[in-house]
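**Q** What shape does this take:
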Amino acid sequence: MTKSSDPEFAEAVKALQQALDELGSPAMMIGGVAVIALGVPRYTADVDATILGRTTLPEQILDAFARHGIRPRIEEVLKLARSRHVVLALHEPSGVSIDATLGWLPFEEQAIQTSQIRDYAGIEIRVPRAEDLVIYKLVASRPQDIEDAKALLALYNDEINLDRVRDLMRQFSEALQDASRLEVLERLIQKTR
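**A** Sure thing, here's the model as predicted:
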């Protein structure tokens, strides 16, 4: 398995960023790569990105990906992209999995618009602000996501607008009919203050 510290993994990140740049649609990397680029050391085995859905067709994504050695990793990739808004791909030279979601929510559009350039292993990549990445992580709410949110809250304590994070998490909690994410946020805030 390729590790996030391996040169092959960095090649996958570079290929994805080049494909996103070529695509020309608003996009950024999220997930573990973004967490690392924001200064939190951790392991990741794949690369995640989000691309603004209203400006991009799945076919355009696949075409741009193909020019950078990124191929679908499932047979029905277009069907999944249209129904679930995710392109499941593989950087063939490295074997690194790439998941690219199509972002349609106002939050995702704003997060992409306010994203920033950061360094990842000598590669300039576009990532969300820490505040937005905390929200992404709490929405996903898997154990590693919660650890990432905790680390980001501690590291960017003074830069995160907690009122905005609480408001958006309240909205997501209502939409998902699950108040636990908001409760997790409050516990993490108490631990990192």
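
**Q** Could you list the low-pLDDT ranges of the protein?
**A** Scanning the chain with the threshold set as pLDDT under 70 gives 1-5.

**Q** The residue most central in space within it - nearest residue in space that isn't next to it in sequence?
**A** The residue lying closest to the centre of the chain (C-alpha atoms, centre = their mean) is residue 30, at 1.6 Å. Nearest residue to residue 30, sequence neighbours excluded (C-beta to C-beta, 6 or more residues apart in numbering): residue 48, at 4.9 Å. The C-beta positions use only the backbone N, C-alpha and C, and glycine is treated the same way.

**Q** who touches that neighbour in this structure?
**A** Each residue near residue 48 by C-beta atoms under 8 Å, 6 or more residues apart in numbering is listed here: 29-34, 98-101.

**Q** repeat that for 10 Å
**A** 16, 28-34, 86, 97-101, 136, 140 (C-beta atoms under 10 Å, 6 or more residues apart in numbering).

**Q** Could you say which helix or strand holds it?
**A** strand 46-52 (DSSP states H and E).

**Q** any chance you could map the helices in the protein?
**A** 7-23, 31-37, 58-66, 77-84, 106-113, 130-140, 143-155, 162-176, 180-192 (DSSP state H).

**Q** Point out the most buried one among those helices.
**A** The highest mean neighbour count among those, using mean count of other C-beta atoms under 10 Å, belongs to helix 31-37: a mean of 25.

**Q** Who are the packing partners of it?
**A** With contacts defined as 3 or more C-beta pairs under 10 Å, 6 or more residues apart in numbering; DSSP states H and E, helix 31-37 has these neighbours: helix 7-23, strand 27-30, strand 46-52, strand 116-120, strand 123-127, helix 130-140, helix 143-155.
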